[in-house]
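**Student:** next one to model:
(2 chains)
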Amino acid sequence: MTPTRTNRKRAGNALTYILLLGAILIWAFPVLWVVLTSIKPRTDIFTNPPTLVFLPTLDHYEAALNTRGIIDSIRNSLIITVVSTVFAIVVAVPAAYAFARLRFRFKTHLSFYTLFMQMAPPIGLLIPYFFALNRIRLLDTYVGLIVIYLSFTLPFSIWIMITYFLDVPKELEEAAAVDGASRFSAFLRIVVPQVRGGIAVTAIFAFINAWNEFLYAVVLTGPETQTVTVAIFGFLGASESRWGPFTATGTMIMAPVVVVALIAQKQIVRGLSLGGVKG
Amino acid sequence: MAESRDVLVTATRHVVNEQSLRPGTPGRNRLRTQESRFAWLMISPSLLVLLLVGTVPLAALVIMSFTRIDLASTRPNAFIGADNFIRMARDDRFWHALWVMLVYTVSSVTLQLVIGLALALALLRPVRGQGALRVAILLPMILAPVVVGLAWRTLILTPDYGIIDFAVQALGFGSQPWLTDARWALISVITIHTWQWTPFAFLVFTATLHALPQEPFEAAMIDGAGAWQRFRDLTLPLLWPTIIVIVIMRTMIALRAFDAIFSATGGGPGTATEILNLYAYRVSFTSLTLGYGAAVATMLLIVTAVISVMLFRLQARD
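**Tutor:** Predicted coordinates for the structure are as follows:
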């Protein structure tokens, strides 16, 4: 190889690295900046130029958790998210198995029906929902929000679980059938354990979507059931801007999702490509 | 990523192509009936829930769009025929919201495609540190859009104290009204959405590019085709199906955007960033005119359906 070619290759490599670094910075920075701000002393937050060297503190977390309603809102978010996730999985897994493995009439139509339900605009569901819940006095209750969360967790869970059931070898169920096991017990004892990983991934996505949800929550909850994505707005009112507690709460909202992303990176990518996050 | 897209395609095909309930021997038929009964048992809980939380509300929405339901006034609810839609046709704010939604969707999806593809091509060579990038780009897609939108509004775009405003000042362009000037605000929310979702295009393009056959490219190199020519005549046509899939998935998401805009600008200043979702929200839950809100949301449903049918046709043609 001639010297000029080596040089050009080196320059190309250097450029690639600069680009890579720039890309990492662009996408990670806003998130890191939220986390950094949450541990900055108050006097170091509003500075121009921005401060990078400071003595870390947990004051803002204390302040956030001592703010009325924040701890309650985290509890509300957890309850609503966990219950709707579990419910979605329990209902979706058998349905996905049927779509992946069994023959029955109207299967095609029904599968497209589930797909279509995933695409319906949320505001379109919310308006009649609000009207109905208002009538039957179920506004500001867990039940109201948990039920409407199924409208997005359930269709997606069915579709992602179908892909996992298709990966299970058919021979397993046939062997179970020879053993004389009933269909349902074969499904429960033989097939379900095979898709444990898939169920975990599906649950992760249902959890992320429900945990991050805002539009339904802001309309359908009240003082009793407010979720944390709604409560966080309280720090950034018209009259005050409490960046410290805001970023601390923001970090607490992001933390579980970031942990999951680090553990199950590959599976998250697979779920994303199936349309797993609402955005 | 490409592999998992194929999984979805296989899943759809599998569900669609399988012939259900072909006639067979009597014994077989009995088995089939059993199978069918079991299948219905398995799917009925899901169907029941979807019917209850999806179909019934959508039907109710359409019915509500022909009514006057005004929770802020004492006037009784009433069927008013097409009045809401006539009002909508004359409502400048509705047309403006529709326009903003289209500008927002088209420009952010285009930007995601262009930047995503450019970045995927530039970073195609395996270098160390790509693992870090893979983690970094996942974040904007899975973190709460509300937190993202609020962080942009405060830490990033606040005049003087926001990091972008600081950088722009340092470069000598002076502080800008990122979220308080009508034109800048629209650019800002489009930027936020593009930032959030370009990683998706990047991931899909990277996976597809790695899976492309090498022979045509080697042949073109031997024939002396330049880099641009190879891109235009080989890469782009080979990527076409992927591009369409990305456009479909991203358009669907852009059309239902709400959280990030709501938290970054609240639709403002004025109505500068008020997309149709936000307008329907304000009509329904700020003014509490649910009937008219339902009409706007029905329109949104129709627009979404028309766009998705158009996009799926485009995909089917290939």
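
**Student:** show me where the stretch 51-200 of chain B has strands.
**Tutor:** Here the stretch 51-200 of chain B has its strands, by DSSP state E, counting those that start in this stretch, at B:67-68, B:78-79.

**Student:** tell me the strands beside the first one, with direction?
**Tutor:** Spelled out, it's strand B:67-68. strand B:78-79 (antiparallel) (DSSP bridges).

**Student:** with respect to burial, which of the strands of the stretch 51-200 of chain B scores highest?
**Tutor:** strand B:67-68 (a mean of 19; mean count of other CB atoms under 10 Å in any protein chain shown). C-betas here are computed from N, CA, C, even on glycine.

**Student:** any idea which element the spatially most central residue of chain B lies in?
**Tutor:** Residue closest to the mean C-alpha point of chain B, counted by CA atoms, centre = their mean, is residue B:253 at 1.5 Å. Using DSSP states H and E, residue B:253 sits in helix B:236-255.

**Student:** pull the residues that contact the next helix or strand after that helix.
**Tutor:** Per DSSP H and E, the first helix or strand lying C-terminal to helix B:236-255 is helix B:259-264. By CB atoms under 8 Å, 6 or more residues apart in numbering or on different chains, the residues outside helix B:259-264 that reach it are A:212, A:214-215, A:233, B:144-146, B:148-150, B:152-153, B:157, B:179, B:188-189, B:192-193, B:196, B:267, B:273, B:275, B:278, B:281.

**Student:** next one: stretch B:154-163
**Tutor:** A:29-30, A:33-34, A:37, A:45-48, A:50, A:236, A:241, A:243, A:246-247, B:164-166, B:169, B:175-179, B:188, B:264.

**Student:** for stretch B:205-221, same thing?
**Tutor:** With CB under 8 Å, 6+ apart as the criterion, stretch B:205-221 contacts B:1-3, B:116-117, B:120-121, B:123-124, B:229-230, B:233-235, B:238-239, B:242, B:246.

**Student:** just stretch A:128-142 next, same as before
**Tutor:** A:76, A:79-80, A:83, A:144, A:148, A:216, A:219-225, B:57-58, B:60-61, B:64, B:69, B:71, B:284-285, B:290, B:294.

**Student:** now do it: distance to the chain's middle.
**Tutor:** Distance, stretch centre to chain centre, for stretch A:128-142: 25 Å (CA atoms, centre = their mean, to the nearest Å).

**Student:** what do you get for stretch B:101-116?
**Tutor:** Distance, centroid of stretch B:101-116 to centroid of chain: 10 Å (CA atoms, centre = their mean).

**Student:** that one and chain A, any residue contact?
**Tutor:** No: judged by CB under 8 Å from any CB of the partner chain, stretch B:101-116 stays clear of chain A, getting no closer than 9.9 Å.

**Student:** in what helix or strand does residue A:44 lie?
**Tutor:** Per DSSP H and E: helix A:42-45 holds residue A:44.

**Student:** right, I mislabeled it, should have said residue B:209
**Tutor:** Assigned by DSSP H and E, residue B:209 falls in helix B:182-211.

**Student:** the inter-axis angle of that helix versus helix B:236-255?
**Tutor:** 140 degrees (axes from the mean of the first three to the mean of the last three CA atoms, to 10 degrees).

**Student:** next helix or strand past helix B:182-211?
**Tutor:** Taking DSSP H and E, what comes next after helix B:182-211 is helix B:215-222.

**Student:** quick one on the thing from earlier: how far off centre is the helix holding residue A:44?
**Tutor:** 32 Å.

**Student:** just stretch A:238-257 next, same as before
**Tutor:** How far stretch A:238-257 lies from its chain's middle: 18 Å, per CA atoms, centre = their mean.

**Student:** picking that back up, for the record, mean pLDDT for the helix holding residue B:209?
**Tutor:** Mean pLDDT, computed over helix B:182-211, is 94.

**Student:** could you do stretch A:163-173 as well?
**Tutor:** In the prediction, stretch A:163-173 has an average pLDDT of 85.

**Student:** check which residues of it are buried.
**Tutor:** If you call a residue buried by 16 or more other CB atoms under 10 Å in any protein chain shown, then stretch A:163-173 has these buried ones: A:163-166, A:168, A:173.

**Student:** now do stretch B:213-228
**Tutor:** residue B:225.

**Student:** check stretch B:262-273 too.
**Tutor:** B:262-265, B:267-268, B:271-273.

**Student:** again with stretch B:30-49
**Tutor:** So for stretch B:30-49, counting by 16+ other CB under 10 Å, buried means B:32, B:35-36, B:38-40, B:42-43, B:45-47, B:49.

**Student:** got the domain boundaries for chain A?
**Tutor:** Domain ranges of chain A: A:3-60, A:62-273, per automatic domain parsing.

**Student:** deepest of those domains, which one?
**Tutor:** domain A:62-273 (a mean of 19).

**Student:** tell me the first helix or strand C-terminal of the lowest-mean-pLDDT helix or strand in chain B.
**Tutor:** The helix or strand of chain B with the poorest confidence is helix B:2-17; it has a mean of 52 (mean pLDDT, DSSP states H and E). As assigned by DSSP H and E, the chain's next helix or strand after helix B:2-17 is helix B:26-50.

**Student:** run through who's touching that following helix.
**Tutor:** With contacts defined as CB under 8 Å, 6+ apart, helix B:26-50 is touched by A:91-92, A:94-95, A:97-99, A:102-105, A:107, A:110, A:113-114, A:117, A:150-151, A:154-155, A:158, A:183-184, A:187, B:21, B:23-24.

**Student:** again, only this time at 6 Å
**Tutor:** If you take CB atoms under 6 Å, 6 or more residues apart in numbering or on different chains as the criterion, helix B:26-50 is touched by A:91, A:94-95, A:98, A:102-104, A:117, A:150, A:154, A:183, B:21.

**Student:** for stretch A:168-188, same thing?
**Tutor:** Under CB under 6 Å, 6+ apart, the answer for stretch A:168-188 is A:190, A:194, B:38.

**Student:** between those residues, which is closest to residue B:302?
**Tutor:** Of all the contacts of stretch A:168-188, residue B:302 sits closest to residue B:38, with 38.4 Å by CB to CB.
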